[in-house]
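Participant: Kindly generate the corresponding structure for this input.
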Amino acid sequence: MLNPSTKMSNTLQSNESISSSRKKIIVLGSGPNRIGQGIEFDYCCVHGLLAIKECGYEAIMINCNPETVSTDFDMADKLYFEPVYWEHLWEIIELEKPEGVIVQLGGQTALKLAKKLHEKGIKIIGTSYNDMDIAEDRGRFSDLLKELEIPYPNYGTAYTAEEAIEVANKVGYPVLVRPSYVLGGQRMRIVINDEEVEKSCISILKHIPDNKILIDHFLDRCQEAEVDAIYDGKSFHVMGIMEHIEPAGIHSGDSNAVLPAFNLTPLVIETMQFYSEKIAKALNIKGLINIQFAIKDGKVYVIEANPRASRTTPFIAKAYQIPYLNIATKVMLDKAKLSDFNLEKKLDGYAIKEPVFSFNKFPGVNKELGPEMKSTGEAIRFIKDLRDPYFRTLYKERSMHLSK
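Facilitator: Okay, the predicted model is just below:
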């Protein structure tokens with residue numbers, strides 16, 4: 001489809017998109033499938049589109065991936081097959097004049113555009129830009145956790161390698177060095193000395209100039225788990241708690257994870273749920289939130305919060321047979337409350353999230369897993385109980401990692 005303001009010769013303009021008089025909602029997709037951003041978010045967008053239609057709005061999709069369902073011509077009422085960049089988005093908004101834009105369903109690509117939308121006065125459906133920014137900005141988020149009396153790893157921020165070394169010595173090695181506002185753990189490294197901090201910072205600043213560098217104390221040899229939830233302003237619902245089989249240090253997208261948690265104590269699970277609800281309320285979440293936790297010596301630490309659909313949201317929806325994305329979209333649109341739905345979970349046994357890797361197509365790539373994501377998708381495996389041979393093999397490998 002042509003851009004709404006594609007310029008032609010003799011200053012004439014051509015526009016094949018005719019705007020209707022209906023109330024419209026725009027959904028931002030995740031762009032081309034790539035490591036860190038892919039099919040899982042397309043699932044979220046598709047179910048969001050269906051919910052928008054059910055609520056009586058014209059559903060408009062902006063995405064540019066021919067391999068995904070969200071870009072099928074008959075999925076949305078109107079599809080703009082355009083790169084998910086601000087220049088394209090603004091032209092479409094000027095033409096369509098939507099009631100608002102949903103950024104929670106398209107991963108980090110969509111979320112990054114929230115600032116521009118906010119600055120232009122465009123309504124963001126669901127959680128506000130300022131509240132999303134608190135979750136995205138490590139400094140602001142840590143200040144919030146401190147205020148809520150929720151434990152988190154010591155951290156610091158820097159703009160140069162010299163500053164980063166200072167911060168790393170202050171928070172204590174080992175540390176996690178990463179750029180801010182990226183998805184898939186891009187250029188994220190676990191380092192143990194000043195020399196490695198300097199090397200990581202130079203790499204970040206070379207490839208992502210002027211980016212703020214985050215330095216967190218790395219909680220070594222601990223369990224990792226995550227909570228996916230919906231908050232409608234009054235009621236809070238935990239969609240699922242997934243426990244990672246691999247120890248902390250492996251990106252969540254590359255980890256095998258089990259739903260529900262299999263090795264966490266009732267106290268730890270209750271603490272995670274309690275912290276999640278406190279964070280969702282403090283951030284004024286309207287719709288979806290994903291929170292990552294580290295558990296060390298029985299103490300629960302919050303690593304980060306994502307104010308959007310996560311890769312595991314579709315997984316949990318399929319495992320429990322509950323249309324969570326449909327529900328969350330209607331909550332964002334103020335067309336429903338959580339109390340309007342049957343949220344009874346149906347799962348006989350456990351569901352295991354298996355990461356899918358494409359190393360056979362990239363033979364020269366380092367296959368060692370770490371904080372930078374390398375998987376290209378995920379699969380689901382159902383087991384009756386923890387005596388299942390597949391699970392026992394995975395858990396044995398985890399034990400070997402922890403003993404090193």
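Participant: and stretch 251-271, which residues are buried?
Facilitator: Going by neighbour count (16 or more other Cβ atoms under 10 Å), the buried part of stretch 251-271 is 251-261, 264, 268-269, 271. To be clear about C-beta, it is placed using only N, CA and C from the backbone, and glycine gets the same treatment.
Participant: which residues does G377 bridge with?
Facilitator: Beta-bridge pairing for G377 (DSSP bridges): V356.
Participant: Pull the contacting residues for R22.
Facilitator: Counting by Cβ atoms under 8 Å, 6 or more residues apart in numbering, R22 touches Y57, E58.
Participant: From L333, how far out is it?
Facilitator: 15 Å (Cβ to Cβ, to the nearest Å).
Participant: same check, this time on K120
Facilitator: From K120 across to L333, the span is 21 Å (Cβ to Cβ).
Participant: before we move on, what about F341?
Facilitator: Taken as Cβ to Cβ, the span from F341 to L333 is 14 Å.
Participant: got the contact list for the helix or strand hosting M272?
Facilitator: If you go by DSSP states H and E, M272 is part of helix 266-282. With contact meaning Cβ under 8 Å, 6+ apart, helix 266-282 is reached by 144-145, 147-148, 150, 225, 227, 229, 231, 236, 238, 241, 261, 264, 289, 291, 293, 295, 298, 300, 302, 305.
Participant: out of F341 and L333, which sits in the more crowded spot?
Facilitator: L333 (23 against 17; other Cβ atoms under 10 Å).
Participant: thinking again about what came up before, just the contacts of helix 266-282: which are in strands?
Facilitator: Mapping these onto strands (DSSP state E) picks out 225, 227, 229, 231, 236, 238, 241, 289, 291, 293, 295, 300, 302, 305.
Participant: On the pLDDT front, check the third one for me.
Facilitator: Each residue has a pLDDT score; the one for A229 is 98.
Participant: was I right about it contacting M239?
Facilitator: Yes - counting by Cβ atoms under 8 Å, A229 touches M239, with 5.9 Å between them.
Participant: Looking at those two, which one has more neighbours?
Facilitator: Counting neighbours by other Cβ under 10 Å for A229 and for M239 shows that M239 has the greater number, 27 against 24.
Participant: Which residues are in contact with the more buried one?
Facilitator: D228, A229, I230, T313, I316, A317, Y320, I322, Y324.
Participant: Who are the contact partners of the second one?
Facilitator: By Cβ under 8 Å, 6+ apart, the contact set of A229 is F236, H237, V238, M239, S276, E277, A280, L288, I289, N290, I291.
Participant: Run through the helices of the protein in chain order.
Facilitator: Listed in chain order, the helices found in the chain under DSSP state H are 39-54, 86-96, 107-111, 114-119, 129-136, 138-148, 161-171, 194-207, 266-282, 312-320, 324-332, 389-403.
Participant: So which of the ones you listed is nearest K361?
Facilitator: Counting by Cβ to Cβ, K361 lies closest to helix 39-54 out of those; the figure is 16.3 Å.
Participant: got a pLDDT number for V167?
Facilitator: So, for V167, pLDDT stands at 90.
Participant: Pull the number of nearby residues for it.
Facilitator: 21.
Participant: nearest spatial neighbour of it, skipping sequence neighbours?
Facilitator: Nearest residue to V167, sequence neighbours excluded (Cβ to Cβ, 6 or more residues apart in numbering): G156, at 3.3 Å.
Participant: Now do the contacts for the residue nearest in space to the middle of the chain.
Facilitator: Centroid-nearest residue in the chain: S310, 3.8 Å away (criterion: Cα atoms, centre = their mean). By Cβ under 8 Å, 6+ apart, the residues touching S310 are E226, D228, L288, N290.
Participant: could you dump those residues to CSV with neighbour count and distance to V69?
Facilitator: CSV is the format used below for these (neighbours: other Cβ atoms under 10 Å; distance: Cβ to Cβ, whole Å):
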residue, neighbour count, distance to V69
E226, 25, 25
D228, 27, 21
L288, 29, 19
N290, 23, 22
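Participant: just these now: which is nearest P363?
Facilitator: Using Cβ to Cβ, E226 is the member of the contacts of S310 that lies nearest P363, at 31.7 Å.
Participant: Now the closest one. Nearest residue, chain neighbours left out?
Facilitator: Of all residues not flanking E226 in the chain, Q292 sits nearest, at 5.0 Å (Cβ to Cβ, 6+ apart).
Participant: what's the burial count for that neighbour?
Facilitator: Neighbours around Q292, by other Cβ under 10 Å: 18.
Participant: Likewise for the one 3 residues further on?
Facilitator: Neighbour count of I295, defined by other Cβ under 10 Å: 21.
Participant: H88 too?
Facilitator: The tally of other residues near H88 (other Cβ under 10 Å) stands at 17.
Participant: just G233 next, same as before
Facilitator: Neighbours around G233, by other Cβ under 10 Å: 15.
Participant: Does it touch K286 like I think?
Facilitator: Yes - using Cβ under 8 Å, G233 is in contact with K286, at 6.0 Å.
Participant: so where's the stretch 51-200 of the chain shaky on pLDDT?
Facilitator: 180-187 (pLDDT under 70).
Participant: try 80 this time
Facilitator: Confidence mapping of the stretch 51-200 of the chain against pLDDT under 80 gives the ranges 67, 138, 179-188.
Participant: how many other residues sit next to D348?
Facilitator: When neighbours are defined as other Cβ under 10 Å, D348 has 8 of them.
Participant: Thanks a lot, catch you later.
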